[in-house]
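Visitor: Here you go, sequence then predicted model.
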Amino acid sequence: MLSQPISVTFTTGEGQPITIETGKLARQADGAVTVRQGNCIILATVVANKDPREGQEFFPLSVDYQEKFASAGRIPGSFFKREARLNDYEVLTSRLIDRALRPLFPEDYFCDVQVLVSLISSDPEIMPDALAGLAASSALAVSDIPIKEIISEVRVAKLNGKFIVNPTRTELEKADLEFLIAATEKNLLMVEGEANECSEEDLIQALQVAHDAIRVQIKGQDELRNKVGVKVKRDYKKPEQNEALQAKVVAFAKDKVYQISRAGSSKHDRSEAYDAVKKELIESLGEEATDADKKLAKKYYADLQWEVVRNMIVDESVRLDGRGLDQVRPLSMETDPLPTPHGSALFTRGETQSLTTVTLGTPLDELLVESAAKSDYTKFILHYNFPPFSTGEVKMMRAPARREVGHGNLAMRSLKKMMPGKDYPYTVRVVSDVLESNGSSSMATVCAGSLALMDAGVPFAKHVGGVAMGLITRASDNKHAVLTDILGDEDHLGDMDFKVTGTRDGICGVQMDIKVDGLSMETMREALEQARKGRLHILEAMYACMPAAREEVKPHAPRMEKIFIDKEFIGAVIGPQGKIIQEIQRETGATINLEEVGNYGEVSIFSPAKEGLDKAVAWIKGIVAVPEVGTVYEAKVKSVMPYGAFVEFLPGKQGLLHISEVSWKRLESMEGVLNEMDVVKVKLIGVDNKTGKFKLSRKALMPKPEGRPEGRPEPRPQTERQDNKE
């Protein structure tokens, strides 16, 4: 007999009730739940191996979030018509869950854990990523997998001066800021989001609002776990320990590690020195040391490095490269280092370097961003590349990893805040190639991207800069140190890694991972203020390098002009089966994109040469122009008849130039007077009200013969028959 599902329901903020249910779906998983709000339903499962793999030295957690297209009644647009590899949105959501869950597990737990989160029913107004962390934590809560605490995630937005928890899609589109925040009952774990130049105090308030809502969700999970029956967490095999060996490592290497750490050397020299001490340490163990002893000694040596460097920074305010705690590494930057890209910049901060390019494209280059709920096109694209040589390593070149996707997304969201509005016709692609990395290449990407966009002539409102910060705390004496512009090693040993981007006027993007218990808001305020000062220092150097965006795009960049036409002329510009617009593009070399927007047509014209752009613009303006009586036009003869010539005086508009209007002299025929393809100037002298036909005159532009009555043609020459009659 099947057991009955167990559920709890609660409300967070002003949103719809949230229901967590277990015992109905995926019952063979170690833990499985569904989370429902409105019509949005997420299934989360978790399974863990009973024992770690042989020789496992790290925690192998894998988290995958996927949206089933059937959840929104859609069929995937891929060739195979099935869900394929995770798209960037799914990867980013997976990262958000992973970053929140990873601190929950014991430090000595090395069993494989797999968390799978799927959107199985979609609601057009409910954002599923804000519920995904809640679902994953709930699945762990009802399992016997050993976790230290329950967590949850919420999104906080500020709309019309009010903070909202888990806003709808419609509300989110109008929000001034939005942050996804994860936390336990007592401590913040993760922050990710963007803002329209918000203040540091706004961020603090958002964290406080989020934490209150998260506590409600944690209480709901705890209630569900109690209803299920609190399971005894499974036991697991713990790594071997050898206190005597650990003491030997400390005695041999502590002073040496301290001297190396305090020397203020470069990353390369410091790494070589650390490795030399490690080699000496292993040799000092003697031949009687087993492979297991050597492996354990290397672990204790890494732990010793972590402790020595942290204490040195907290006690002496001395950093690995010799800088002060609030000092930014030396900056070097230049714009236009590459002659062919439409915009480029090289940004170097210490041992971190980004070469960033900007390419301007047409609306046809827009990127389709597809998800289960909806598909959108974006005209701003940023790609971040992190080749192995940037850290002096040899690795296989693969598709961008989740780290690259996450870092690129932070840079993209930050720079997008200063991009021109929807009327800007170009599709803009920014590519950051990290050539050297020792701490926060994502922030180098933001700075280099801002410089490159201005170099490309994009009307970028203000420079956006960023800085990566670190925090080291010591609970034993309640001391801490905030580090500006952290190195890679400082990132590893710190208690909080947070990246803050923004302009001189406020924050545009935040990515924060917090590993310390009981972080006070006062410490958070101190860290954010130090980050603001570091950001402003970098921004001053950026403005000195590139004070403002170029007034025009570079000569080799595509030229663009946008015109708006009445809706009734859209068909005339396109032509039957697209013949007219294709002819314009073929004859001018321009690329034309025409969209119907409301009651008018939006025509974007792109051309690599100004001449082609001008020709295409004139052509289209001619098609949509309304002929005005009394206006003079340059016309092309299309056909010649005995009674006159048909001429095209505007694209697609023809009229009759009657034989009587060709010249003041009376003509017997058109033979030899005008030929096809001749270009003549004509004046529009009237429009037939019944037929709409245009009446044109050439003689109206010629000097009138003396003595000739107004409008009277020259009399015909008399013929022989006429003379006889007289």
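Guide: Happy to help now that I have it.
Visitor: contacts for stretch 140-147?
Guide: Outside stretch 140-147, the residues within contact range by C-beta atoms under 8 Å, 6 or more residues apart in numbering are 22, 29-33, 46, 48, 101, 104-106, 109, 113, 115, 150, 221-222, 224-225, 228, 231-234, 236. All C-beta spots, glycine's among them, are computed from the backbone N, C-alpha and C.
Visitor: Now list the buried members of those.
Guide: 22, 29-33, 46, 48, 101, 104-105, 109, 113, 115, 150, 221, 224-225, 228, 236 (16 or more other C-beta atoms under 10 Å).
Visitor: Among these, which lie within helices?
Guide: Using DSSP state H, the subset of the buried ones among the contacts of stretch 140-147 located in helices is 101, 221, 224, 225, 228.
Visitor: a markdown table for these, including pLDDT and distance to residue 526?
Guide: Formatted as a markdown table, those follow (pLDDT from 0 to 100; distance: C-beta to C-beta, whole Å):
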| residue | pLDDT | distance to residue 526 |
| --- | --- | --- |
| 101 | 94 | 28 |
| 221 | 96 | 32 |
| 224 | 96 | 38 |
| 225 | 94 | 37 |
| 228 | 92 | 42 |
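Visitor: Report the buried residues of stretch 568-588.
Guide: 569, 570, 572, 573, 574, 580, 581, 584, 585, 588.
Visitor: next one: stretch 452-464
Guide: 452, 453, 454, 455, 456, 457, 458, 460, 462, 463, 464.
Visitor: Quick one: end-to-end length of it, please.
Guide: 11 Å (C-alpha to C-alpha, to the nearest Å).
Visitor: same check, this time on stretch 542-557
Guide: Stretch 542-557: ends 23 Å apart by C-alpha to C-alpha.
Visitor: any idea of the pLDDT on residue 145?
Guide: Per-residue confidence at residue 145 stands at 95 (pLDDT).
Visitor: okay, now it: neighbour count?
Guide: The burial count assigned to residue 145 is 23, neighbours taken as other C-beta atoms under 10 Å.
Visitor: if I've got this straight, it is in a helix?
Guide: No: going by DSSP: H, G, I helix; E, B strand; the rest coil, the assignment for residue 145 is coil, not a helix.
Visitor: can you start the count at 3 instead of 1 from here on
Guide: Okay, using 3 as the starting number, the last item reads as residue 147.
Visitor: So what does it look like in phi/psi?
Guide: phi -70, psi 130 (degrees, to the nearest 10).
Visitor: what does residue 197 give?
Guide: The phi/psi pair for residue 197 (degrees, to the nearest 10) is phi -160, psi 160.
Visitor: gap between the closest residue to it other than its chain neighbours and residue 330?
Guide: Distances taken as C-beta to C-beta, 6 or more residues apart in numbering put residue 179 closest to residue 197, at 3.5 Å, once the chain neighbours are dropped. Using C-beta to C-beta, to the nearest Å, residue 179 is found at 26 Å from residue 330.
Visitor: And those two? Which one has more around it.
Guide: Between residue 179 and residue 330, residue 179 has the larger neighbour count (other C-beta under 10 Å), namely 24 against 18.
Visitor: Which residues are in contact with that one?
Guide: 159, 160, 195, 196, 197, 198, 200, 204, 205, 208.
Visitor: which among those residues gets closest to residue 554?
Guide: residue 198 (27.7 Å; C-beta to C-beta).
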